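> Generate coordinates for the sequence data below:
(2 chains, ligands or ions: 2)
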Amino acid sequence: MYTTELKDKNQKSAAVSLADEDPEKLAAFEARVAADDFIEPKDWMPEAYRKTLVRQISQHAHSEIVGMLPEGNWITRAPNLRRKAILLAKVQDEGGHGLYLYAAAETLGTSREEMIEALHSGKAKYSTIFNYPTLTWADIGAIGWLVDGAAIMNQVPLQRTSYGPYARAMVRICKEESFHQRQGYEIMCVLAAGTPEQKRMAQDALDRWWWPSLMMFGPPDDKSPNTAQSVRWRIKRETNDELRQRFVDVTVPQAEAIGLRVPDPALHWNEARGSYDFGDIDWEEFYAVVRGEGPVARERTQARVKAWEDGAWVREAAAAHASKRAMKMAAE
Amino acid sequence: MNANWPLWEVFVRAKNGLAHKHAGSVHAADARMAIEAARDVYTRRMEGVSLWVVPSSAIVASDPKETTDLFAPAEDKVYRHPTFYTIPGGVKNI
Ligand SMILES: [Fe+2]
Ligand SMILES: [Fe+2]
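Ligands and ions are numbered 1, 2, ... in the order given. Got it, this is the predicted structure:
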């Protein structure tokens, strides 16, 4: 998901031992978190908690920002004005989400520049899902429905995450996300009820986005060693596998309702569990994309770096204008 | 020159009659730009009719380490609450 612990390259050096912490402060902290109290920026916190949060929140922020690229790709080619206005509003929302999250991470003592630099240098990760290309208009439907759907699944419990600024950012984000998924599903509904070509296009998009969407929840629990710690600290509220299962359970009937087929021959309803059983995920593909081997990974980073560099003169001009005006005001 | 824009705290008045409430923060070169960025980011869905932006560096916050000392004096003054007082049964409108 946006918040799976994709390891940064420097993670080993960043590993901080809890044994170095003041045991009394640590115990008080753990008790507060266990009682569902919120931790605020100036409160004492273990270094490992701070580091995990910075990594998770900045990864999440980067995902929102990079996530604007695959959809931005279709703004100028949206099939009509209604769709174009909607897509524009959605992509703008994602930019705002990135900003809320960067601001939350900044309260932990990491500057915006450091985070952006880490994204551009490839040191920081973002969700693997955005390294897949958007080939047809149906992909915009599939992204809203599946990718935003998976994001919502993950983000709703994070509204109660233990770090106050992160939780508050999540509340705003969740409020805005709800239309994202519905507009995507609506695109799929229209295509699925359209001409045979349109229906094929919708099915093709589902075929390509289904598995990467399941991978968004991150590695299986037994391959996710930090999950227990993160759940204990209420940085994560549910495990990757729990969230993934819930996503499958709610999404399969949505596909069936519009006559689309989930591309998984092993998928079937398990009466005893009250859940769908589903096939094995290709984790090799996931780890390859994490390593930066996604189909359009290079393109995504290049686009971000280019946008940042092309905007440099604007940032400088605005700063020069502000300091000139401040000087004039001081002289008056 | 340093092109890193300073941080501003954003306060939004949801509608007249209500106080401005902290909504989040933005980076901006100056106050006008902070207002415009805050408008774009925090009021896209008619969440506000008025904005305040304050340089984050201008905010002085109490220290969580002194929470006990700072707020303790309020704790033993229960007589500040109406429920502290005993009123004879049957007496009304008080
Ligand atoms: Fe988002
Ligand atoms: Fe979204």
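> average model confidence for the longest helix anywhere in chain B?
Criterion DSSP state H: the longest helix present in chain B is helix B:31-42. Averaged over helix B:31-42, pLDDT sits at 96.
> Name every strand pairing with the next helix or strand after that helix and say which way it goes.
With elements assigned by DSSP states H and E, the helix or strand that comes after helix B:31-42 is strand B:50-55. Under the criterion DSSP bridges, strand B:50-55 sits next to strand B:7-13 (antiparallel) in its sheet.
> Could you pull up the contacting residues of the closest residue to residue A:147 other than its chain neighbours?
Closest residue to residue A:147 apart from its sequence neighbours, by Cβ to Cβ, 6 or more residues apart in numbering or on different chains: residue A:129 at 5.6 Å. (Glycine included, C-beta is placed from N, CA and C.) Residues in contact with residue A:129, defined by Cβ atoms under 8 Å, 6 or more residues apart in numbering or on different chains, are A:67, A:147, A:150, A:212, A:213, A:215, A:216.
> rewinding a little: mind checking how far the longest helix of chain B is from the chain centre?
Remark: helix B:31-42 is offset 18 Å from the chain centroid, using Cα atoms, centre = their mean, to the nearest Å.
> so what secondary structure elements neighbour it?
Counting contacts by 3 or more Cβ pairs under 8 Å, 6 or more residues apart in numbering or on different chains; DSSP states H and E, helix B:31-42 packs against helix A:81-106, strand B:7-13, strand B:20-27, strand B:50-55.
> Up against chain A, what does chain B have?
Contacts of chain B with chain A, taken as Cβ under 8 Å from any Cβ of the partner chain, map to B:1-5, B:7, B:24-30, B:33, B:40-41, B:44-45, B:61, B:63-65.
> Got a quick PyMOL command for the buried subset of those residues?
In PyMOL syntax, the buried subset of those is picked out as below (16 or more other Cβ atoms under 10 Å in any protein chain shown):
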select buried, chain B and resi 5+7+24+25+26+27+28+29+30+33+41
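> Quick check: residues of the stretch 151-300 of chain A near chain B?
Neighbours of chain B within the stretch 151-300 of chain A, by Cβ under 8 Å from any Cβ: A:168, A:169, A:172, A:176.
> which of the contacts of residue A:129 sit farthest apart?
Spatial extent of the contacts of residue A:129 (Cβ to Cβ) is set by the pair A:67 and A:215 at 15.0 Å.
> Most neighbours of all the residues of the stretch 151-300 of chain A next to chain B, which one?
residue A:169 (27 neighbours; other Cβ atoms under 10 Å in any protein chain shown).
> Which helix or which strand is home to the nearest residue to residue A:263 once chain neighbours are set aside?
Distance criterion Cβ to Cβ, 6+ apart; nearest residue to residue A:263, sequence neighbours excluded, is residue A:207 at 4.5 Å. Here residue A:207 is covered by helix A:196-215, with elements defined by DSSP H and E.
> Heading C-terminal from that helix, find the next helix or strand.
Remark: after helix A:196-215, the chain's next helix or strand is helix A:227-232, criterion DSSP H and E.
> quick one: contacts of that next one?
A:5, A:30, A:33-34, A:48, A:52, A:56, A:221, A:236-240.
> near chain B at all, the strand or helix carrying residue A:325?
Residue A:325 is located in helix A:312-331, with elements delineated by DSSP H and E. Yes. Helix A:312-331 lies within reach of chain B by Cβ under 8 Å from any Cβ, at A:312, A:315, A:316, A:318, A:319, A:320, A:321, A:322, A:323, A:325, A:326.
> Please identify which of these is nearest to ligand 1.
For these, the residue nearest ligand 1 by Cβ to the ion is residue A:315; the value is 24.1 Å.
> distance of that closest one from residue B:29?
Computed with Cβ to Cβ, to the nearest Å, the distance linking residue A:315 and residue B:29 is 8 Å.
> tell me, what's touching those two both at once?
Counting by Cβ under 8 Å, 6+ apart, the contacts common to residue A:315 and residue B:29 are residue B:5.
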